[in-house]
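K.L.:
with the input below, show me the fold.
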Amino acid sequence: MHGPGSPLSQWSFARRDLRDDDVAVQIRYCGVCGSDLHAVRHGNASNMPLVTGHEMTGTVTAISLAVTGLSIGDMVAIGNVVDSCGTCPARPDPVGQWFT
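P.N.:
Presented below is the predicted three-dimensional model:
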């Protein structure tokens, strides 16, 4: 979604290069949940463009040097918490929203 009230549409964009601990995944399926629907219905311009479906499954297409336990071709599931080791304190993202 490119702006509040706009229809959902396909969007192509360039991904950044993988960092040392990143995994690239070709997304096969995603779940659209209540928070996605709320964001679509009540989103504001500060969080646009908006891509719904923050819980995904797919196939690993590339792995970085520091990644262990995964191989290209593995099927994976991705939850809604990304870039978190699970123990670090919350930090702001580049647009000032907080993630843990």
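K.L.:
against D17, how distant is Q10?
P.N.:
Separation of Q10 from D17 (Cβ to Cβ, to the nearest Å): 23 Å. C-betas here are computed from N, CA, C, even on glycine.
K.L.:
what does S6 give?
P.N.:
30 Å.
K.L.:
ok, the two, which is more surrounded?
P.N.:
Taking neighbours as other Cβ atoms under 10 Å, S6 and D17 compare with S6 leading, 13 against 6.
K.L.:
the more buried one - that's part of a strand, no?
P.N.:
No. The assignment for S6, made by DSSP: H, G, I helix; E, B strand; the rest coil, is coil rather than a strand.
K.L.:
can you offset everything so residue one is 43?
P.N.:
Got it, the first residue is 43 from now on, which makes the last one we talked about S48.
K.L.:
contacts only, for it.
P.N.:
Neighbour list for S48: empty [criterion: Cβ atoms under 8 Å, 6 or more residues apart in numbering].
K.L.:
do H96 as well
P.N.:
Shown in contact with H96 (Cβ under 8 Å, 6+ apart): 72-73, 75, 77-78, 122.
K.L.:
before we move on, what about S113?
P.N.:
S113 is in contact with 102, 105, counting by Cβ under 8 Å, 6+ apart.
K.L.:
that one: which element?
P.N.:
Per DSSP states H and E, S113 falls between elements, in no helix or strand.
K.L.:
the protein: strands as residue ranges?
P.N.:
65-73, 97-105, 117-120, 133-134, 140-141 (DSSP state E).
K.L.:
next, work out how far apart R70 and R58 are.
P.N.:
According to Cβ to Cβ, R70 stands 22 Å off from R58.
K.L.:
more neighbours, the two?
P.N.:
R70 (11 against 6).
K.L.:
is the closest residue to that one other than its chain neighbours in a bridge, and if so with what?
P.N.:
Once flanking residues are discounted, R70 sits nearest to G100: 4.6 Å by Cβ to Cβ, 6 or more residues apart in numbering. Applying DSSP bridges to G100 gives these bridge partners: I69, V118.
K.L.:
for the protein, give me the ranges with low pLDDT.
P.N.:
By pLDDT under 70, the low-scoring segments of the chain are 123-142.
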